[in-house]
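> need a structure here:
(2 chains)
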Amino acid sequence: MEIIKPGINIDFVGKMKWMVIFSLVLTLLCIISFFVRGFYYGIDFAGGTLVQIKFQKEISADNIRKALTTVGITDSIIQPFGPNEVVVRTAESTSDIKGLSDKIGEVLNAALGKGSLQVQRVEVVGPKVGKDLTRKAFLAVILSWIGMLIYITLRFEFRFAVGGIVGVIHDVIVVSGIFSLFHIEFTLTIVAALLTIIGYSIHDSIVLFDRVRENTRKNPRKDIRTLVNESINQTLSRTILTSFTVFLVVAVLYIFGGAVIHDFAFALLAGVIFGTYSSVFIASPVVLAWEDYRPAKRKK
Amino acid sequence: MFKSVRLRAAIAIAVTIVAVVFLIPSFIPDLPDAWKKYMPIGKIPLGLDLQGGTHLVLEVQTDKAVESTLERMTGNLKESLMNSKIRFRKLERIGGMAAVLETPDNASRDVADKHIRDQYPDLEVISSEASEGRESLTLRIKDKRVREIKKLAMEQSLETIRNRVDQFGITEPEIIPEGEDRIVIQLPGIKDTERAKSLIGKTAMLEFKLVDDDHNLDDALRGNVPEGDVIAYGNTIDKETGRKTSVPYLLKDKTLLTGESLESAKVAISDRFGQPYVSIKFNPQGAQDFERITGDNVKRRLAIVLDGIVHSAPVIQERISGGNAQITGSFTMDEARDLAIVLRAGALPAPVTILEERTVGPSLGKDSIEKGIWSAIIGGVLVALFMVVYYNLSGIVANLALILNMIILLGVLAAFKATLTLPGIAGIVLIIGMSVDANVLIFERIREELRSGKTPRAAIETGYSRAFLTILDTNVNALIASLFLFSFGTGPVKGFAVTLSVGIVASLFTAVFVTRIIFDYFVLQRKITRVSV
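From the prediction side, this is the model:
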């Protein structure tokens, strides 16, 4: 079975201008969203207390909130998490041993009747740790970009590295932008997803660059635009197939994986789509543009 | 690579068998004893998010340990100055880390300075001041000693917490120091987190002080606290209404005995009301001290103070020898039991605060495992189907490689006791998708070569060699990303990084090495003329 017929020759390079404009607009939108809408930070970064509670029957968020105010928790955010399950979140966290999470459990048990609820999960992050984790997360993403840059430069050429990294940065911005726009909780695991997306997106770009390198060796005199276009067409089959399989498994995770890794799977899903897109429509234009400004020496 | 198909097949089979051996304990619950003796028996450890449990990060307030050492030193210094008849006006702590010694004149200041230098090598004078009739020295503990104190406080805290957790009976707890003043605690499978936290975090500073009945309590409450006294509070619970009230006590500040003099503590039930209490026994020196103290203070009240709260202040009826005493109060059985544990394990040298807590209830953990496994199975089946449909028989070869990939991946995790977390399971699902990529690269190449007219053997040869470099590049890159993930991540994220890394390496092995063996077998041994790809 073959989805992509061999000898296919879609003019990707020709359409690049439009795609680049589209990407720029998209990226800009995302960056604006960062500043205007900001992020819905999880407690990993913002600090605070989070309690996931499963009730025997439907309890209204208002009742929960009222019960909590009696112990002085006035800023609780209550989100549904599944049938009869909610996540209660507050920005405070006491470093007291008898933490807020215990108080929350206690007061709800008292207000709604003992045994009517079960605490599924508790997360408490003090402000110190929150800052720590934010810094570490940031560092990890930036450092991984640099690491990739170095590796690709060694294996290919600097302009390919730049192309690849620009593509990756684009992916990270867009996926983060989606999280910002739709106010989805941005936690540590999401950063893990971003790092995974970085790995995957570069992976994709490398396959393309590898082909370009091979074709360049075979036809040193050919115009680079044609070479790149050919390479994209030749690897199209593989790109679509791999993206498809990864998309398939991540979609399965998203649908069947349960509420806890739901957001994580969503990030990966978005990442797979944009990661593939960026290899063709971001990394390549960068390489080509580089070529226009600084033509590479042709090896004989 | 090696030429012989047999040799390579043998290697592949050997690796698989080793992996399976490591995996067996995770899937078969009851192993025969013979197995247990000679074979690896570790299951794949499950992360807290899968088996339920608590993860705590504590910070030991090492500064407070330095403060209390300074407090003790100044107490000692006062006495030794008085014994040496060196005149001084006052000696007290200022702020947390320094103390100031005031002398009436220059001469005594110099004498005091010399005294300190000779007798107290750990203290240093950081400044001396002379103003109107006031000569003072500011003292501080030397840096080197401060560092020692902090290090010791950490070590003692670790030890104490370990003892407490031990007595609580949790299987396989982990208590690990982190950095200079943090302790990471993992309590897998724990059901009562609240109790565990209060058990771990209690400073448990037990002090015996005399109640000052000579002075007026109300007067003191109004602000006239007599020299050498301190006000402390105790809680009483009204038996009828159940309300807690705070009762003030005027105590003499000097601590006569501490929890360090205890040899053991256990729970007992009082005959009269069926109330639980804690029965303590002093060590020989402590027993002697206790006898002396009770003998000297008959008819006075002795307050038992725990972490600054007065537990009870019974009247000393007579000299007590034998070193036994009771701590009563309105305890529940659990509270009494925990107090006994904490007294036995010893006091924490410095208070601890919780920086981070993550608890997962057991039912959520089970739920997560199930969902994770289902996702892996469904994802795997879908991918396998797709491969067969698209690549025919070669697809089956790729699927075989995939199955092997999973076995080796899980086997390595079991062998290295790497923890499997929920994101880790997600990582496995991801690997299923990504490992297919290597095979796709190879098969697409082979198709290309076949199209350009090469023989099956040549096509396979070229396909593999051309694709290999690309596969290597992409996988190394993915490994670099995983490395960063691993270094920055905590718990669950680390689990993800580990499964990803191992999966990538395993997929390299299965997708390239193993599939090649199968192709070579058919092409070289069976000499087929067409490759179904």
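> need the residues of the stretch 201-350 of chain B near chain A, please.
B:201-202 (CB under 8 Å from any CB of the partner chain). Bear in mind the C-beta positions are built from the backbone N, C-alpha and C, glycine included.
> Could you list the low-pLDDT ranges of the stretch 201-350 of chain B?
B:237-242, B:330 (pLDDT under 70).
> Quick one: the helices in it, in order.
B:217-221, B:284-296, B:333-345 (DSSP state H, counting those that start in this stretch).
> A:S231: which of the ones you listed is closest?
helix B:333-345 (67.4 Å; CB to CB).
> can you list contacts of the closest one?
B:160, B:163-164, B:166-168, B:195, B:198-199, B:202, B:204, B:206, B:259, B:262, B:264-267, B:276-278, B:280, B:306, B:327, B:331 (CB atoms under 8 Å, 6 or more residues apart in numbering or on different chains).
> before we move on, back to that, so of the helices of the stretch 201-350 of chain B, which one's packed in deepest?
helix B:333-345 (a mean of 20; mean count of other CB atoms under 10 Å in any protein chain shown).
> contacting residues for the residue of the stretch 201-350 of chain B found nearest chain A?
Closest contact between the stretch 201-350 of chain B and chain A, by CB to the nearest CB, is at B:G201 (3.4 Å). Residues in contact with B:G201 (CB under 8 Å, 6+ apart) are A:97, B:58, B:352-354.
> At the contact with chain B, which residues of the stretch 201-300 of chain A appear?
Residues of the stretch 201-300 of chain A found near chain B (CB under 8 Å from any CB) are A:202-203, A:206-207, A:210, A:214, A:234, A:237-238, A:241-242, A:244-250, A:252-253, A:256-258, A:260-261, A:264-265, A:268.
> what about burial for those residues, which qualify?
The neighbour-count test (16 or more other CB atoms under 10 Å in any protein chain shown) marks A:202-203, A:206-207, A:210, A:214, A:234, A:237-238, A:241-242, A:244-250, A:252-253, A:256-258, A:260-261, A:264-265, A:268 as buried among those.
> Which SSE is immediately downstream of the helix or strand where B:V429 lies?
Here B:V429 sits within helix B:422-451, counting by DSSP states H and E. Next helix or strand after helix B:422-451 toward the C-terminus (DSSP H and E): helix B:456-488.
> near chain A, anything from that following helix?
Yes - among the residues of helix B:456-488, B:466, B:469-470, B:473-474, B:476-478, B:480-485, B:487-488 lie within reach of chain A under CB under 8 Å from any CB.
> That helix: what's the following helix or strand?
helix B:491-508.
> and that following helix, what does it pack onto?
helix A:188-218, helix B:48-51, helix B:362-415, helix B:422-451, helix B:456-488 (3 or more CB pairs under 8 Å, 6 or more residues apart in numbering or on different chains; DSSP states H and E).
> Would you mind measuring from B:S507 to A:G113?
Per CB to CB, to the nearest Å, B:S507 is found 52 Å from A:G113.
> More neighbours: which of those two?
Taking neighbours as other CB atoms under 10 Å in any protein chain shown, B:S507 and A:G113 compare with B:S507 leading, 28 against 10.
> Can you get me a residue count around A:V20?
16.
> now swap in the one 3 residues further on and tell me
Under the neighbour criterion other CB under 10 Å, A:S23 is assigned a count of 21.
> List the contacts of the closest residue to chain B within the stretch 151-300 of chain A.
Closest contact between the stretch 151-300 of chain A and chain B, by CB to the nearest CB, is at A:G199 (3.1 Å). By CB under 8 Å, 6+ apart, the residues touching A:G199 are A:144, B:477-478, B:480-482.
> cutoff 7 Å now
Contact partners of A:G199, counting by CB atoms under 7 Å, 6 or more residues apart in numbering or on different chains, are B:477-478, B:481-482.
> before we move on, what SS does whatever residue of the stretch 1-150 of chain B ends up closest to chain A have?
For the stretch 1-150 of chain B, the residue closest to chain A is B:V57, as judged by CB to the nearest CB, at 6.5 Å. Per DSSP: H, G, I helix; E, B strand; the rest coil, the secondary structure class of B:V57 is strand.
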